[in-house]
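Asker: curious how this folds, go ahead:
(one chain, ligands or ions: 1)
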Amino acid sequence: MLFLIPFIILALYIGMYLLRTERTSDCRWRQSGKDAQGVAWRCQVCGATALTEKGLPKHCGAKSEE
Ligand SMILES: [Zn+2]
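Answerer: Residues are numbered from 1 along each chain as shown. The predicted structure follows:
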């Protein structure tokens, strides 16, 4: 049963990621620039910035707490 431990850890990480995504779903991304690297975004709610190849960022990188 030892082989199950990595899967349990992985499941915990996925759960934490999903919770975090849900928590930051209020973010409003606004395009702030575009270059060869991709599209730059800025969150209107918390002020976070992100860079994606295309499309909106999936979640906000900033901390909600101060
Ligand atoms: Zn945000």
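
Asker: quick check: residues of this structure near the ion?
Answerer: Within reach of the ion by C-beta under 5 Å from the ion, the chain has these residues: C27, C43, V45, C46, A48, C60. For every residue, glycine as well, the C-beta is placed using N, CA and C.

Asker: and which of the residues you listed is nearest F3?
Answerer: Closest approach between those and F3, by C-beta to C-beta: C60, at 35.0 Å.

Asker: okay, the residues of the chain next to the ion in CSV with neighbour count next?
Answerer: Shown next, in CSV, are those (neighbours: other C-beta atoms under 10 Å):
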residue, neighbour count
C27, 20
C43, 20
V45, 13
C46, 15
A48, 18
C60, 24
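
Asker: as TSV, those with secondary structure and pLDDT would be great.
Answerer: Converted to TSV, those look like this (DSSP: H, G, I helix; E, B strand; the rest coil; pLDDT from 0 to 100):
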residue	secondary structure	pLDDT
C27	coil	80
C43	strand	88
V45	coil	82
C46	coil	82
A48	coil	84
C60	coil	73
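
Asker: all strands of the chain, in order?
Answerer: 29-35, 38-43, 49-52 (DSSP state E).

Asker: can you lay out those as CSV showing distance to L18?
Answerer: Shown next, in CSV, are the strands of the chain (distance: least, C-beta to C-beta, whole Å):
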stretch, distance to L18
strand 29-35, 19
strand 38-43, 19
strand 49-52, 18
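
Asker: most neighbours per residue, which of those?
Answerer: Mean neighbour count (mean count of other C-beta atoms under 10 Å) peaks for strand 38-43 among these, with a mean of 18.

Asker: quick one: strands adjacent to that one?
Answerer: Neighbouring strands of strand 38-43 in its sheet, by DSSP bridges, are strand 29-35 (antiparallel), strand 49-52 (antiparallel).

Asker: where does the protein have low pLDDT?
Answerer: Filtered on pLDDT under 70, the chain yields the residue ranges 20-25, 61-66.

Asker: phi, psi for the most centrally placed residue in it please.
Answerer: The centre of the chain sits closest to H59, judged by C-alpha atoms, centre = their mean, with a distance of 2.6 Å. Phi and psi for H59, reported as degrees, to the nearest 10, are phi -150, psi 170.
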